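> Let's see this in three dimensions:
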Amino acid sequence: MDKQQKITVVNMHAGGEPLRIVRSGYPEIPGDTIMEKRRYARENLDHLRHFLMFEPRGHVGMYGAVLVEASHPDAHFGVLFMHNEGYSTMCGHAILALGRYAIDHGLVEATEPVTEVRIECPCGLVVASVQVKDGVTGAVSFNSVPAFLHSRDVTVEVNGIGELSVDVAYGGAFYGVVPAYMFGLNVQKSRTRYLIDAANAVSAGIRSVVTLQHPDDADLAFLYGTMLTDGNDTYSADPTANVFVFADSQVDRSPTGSGIAARIAAQAARGLISKGQKRRFESLIGTSFECTYLEDTKCGEHDAIIAKVEGKAHYSGVASFWREGDDPVKDGFLLR
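From the prediction side, this is the model:
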């Protein structure tokens, strides 16, 4: 039999969005910084991303996390995020899951009633606060990296629609933000295929006219995807809904943790929400996270905010995956 490679994982989800956490079997990832590690994984280990994210072990909507040694002096560990197209710079639902995971699996010692888990992400240090009672982990929150409205009311040409006005905001990654009703769609009732097509069209339009820049690292300056919203941006006690389409037409099942940080930053920039106010954000499947406009800050020349994102993650299983040398689909495949 040809050489086998075994990788073990723990599967979790937050708000319905999966997270496959690598436990063992992944090669060491060299690099002096988290961005260097991300670059190395992209250039040298991408076959393992395919192996873990794609069929027959995964699916087009799978999301993953590889824990790495941190370069930030205050971090407990670092993480590289992966999806169907590559490696993202931030992932809120993954932070919610990793906060629980780190305590439950002994990476961080539990302290009641709240334990801090300090995670170095490609976008920077993110601190998760995990509720612990009688040794059991519960809800998790984290404060975002500085989030800001990068481009306001950008006119983009969208295939089949014409000109649209959209925002581009940052919450750890860059997001296009536009109401779904501009396409005659409802984020919780319309067919997912139509939502994907609309979001992809907006992303294409943004990429053709907006040059993204981030003051911390040029590798952060890319459009992750587009968030379609219900248009309910003025502060209200009622929930607001959105759906995020990113990477290669991948649909976030959760409300998108870093995405709602970006969205609330855009709301703050427009004066639609005040410091200290909290909103509930729902996903296309009805799950929810909460997000609070916590404080003002700066990100380079950008007026920015810190947002607090709150949610809960759950375990869904464990697995050991084999990669056999003579398997014709050992690196995976995708069908749509």
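> Surely E55 and G332 touch.
Yes: the criterion here is CB atoms under 8 Å, and E55 meets it with G332 at 6.0 Å. Heads up, the C-betas are built off the backbone N, CA and C, glycines and all.
> can you tell me which residues contact the spatially closest residue to V140 that is not a sequence neighbour?
Among residues not flanking V140 along the chain, G99 sits closest, at 4.0 Å (CB to CB, 6 or more residues apart in numbering). For G99, the residues meeting the contact criterion (CB atoms under 8 Å, 6 or more residues apart in numbering) are V117, I119, A128, S129, V130, T137, V140, F142, A313.
> One more pass at 10 Å, please.
Residues counted as contacts of G99 (CB atoms under 10 Å, 6 or more residues apart in numbering) are 14, 108, 115-117, 119, 126-131, 137, 139-142, 311, 313.
> G257 too?
By CB under 10 Å, 6+ apart, G257 lies in contact with 14-15, 17, 90-97, 126, 140-142, 144, 171-172, 281, 289, 291, 307, 309-311.
> Report all helices and strands that the strand or helix carrying R118 contacts.
Under DSSP states H and E, the secondary-structure element containing R118 is strand 114-121. In terms of contacts (3 or more CB pairs under 10 Å, 6 or more residues apart in numbering; DSSP states H and E), strand 114-121 is packed against helix 34-44, strand 64-68, strand 77-82, helix 92-104, strand 124-133, strand 136-143.
> buried set for it?
Using 16 or more other CB atoms under 10 Å as the burial criterion, the residues of strand 114-121 that qualify are T115, V117, R118, I119, E120, C121.
> now stretch 299-308
By neighbour count on 16+ other CB under 10 Å, the buried set for stretch 299-308 is C299, H302, A304, I305, I306, A307, K308.
> Helix or strand: which one has the residue lying closest to the second one once chain neighbours are set aside?
So the one you mean is H302. With CB to CB, 6+ apart as the measure, F148 is the residue that lies nearest to H302, at 4.2 Å, once sequence neighbours are left out. Mapping F148 onto the secondary structure by DSSP H and E places it in strand 148-158.
> Let's see stretch 236-255 as CSV, backbone CA atoms only.
Output in CSV follows, covering the C-alpha atoms of stretch 236-255 (Å, rounded to 0.1, in the frame of the first residue of the first chain):
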residue,chain,number,x,y,z
SER,A,236,-33.4,49.1,16.7
ALA,A,237,-34.1,46.5,19.4
ASP,A,238,-35.4,44.3,16.5
PRO,A,239,-32.9,42.0,15.0
THR,A,240,-31.4,42.6,11.6
ALA,A,241,-30.4,39.9,9.1
ASN,A,242,-27.5,39.4,6.6
VAL,A,243,-25.8,36.7,4.6
PHE,A,244,-22.2,36.7,3.5
VAL,A,245,-20.9,35.2,0.3
PHE,A,246,-17.1,34.9,0.2
ALA,A,247,-14.2,33.0,-1.4
ASP,A,248,-15.4,30.8,-4.2
SER,A,249,-19.1,31.3,-3.8
GLN,A,250,-19.0,30.0,-0.2
VAL,A,251,-22.0,30.9,1.9
ASP,A,252,-21.6,31.7,5.7
ARG,A,253,-24.3,29.8,7.6
SER,A,254,-23.8,32.1,10.6
PRO,A,255,-24.3,35.9,10.8
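> Any stretches of this structure with poor pLDDT?
Applying pLDDT under 70 to the chain flags residues 1-3.
> Quick one: the helices in the stretch 151-300 of the chain, in order.
Counting by DSSP state H, counting those that start in this stretch, residue ranges of the helices within the stretch 151-300 of the chain are 192-209, 257-269.
> Out of those helices, which is the most enclosed?
Between those, helix 257-269 has the highest mean count of neighbours, a mean of 30, where neighbours are mean count of other CB atoms under 10 Å.
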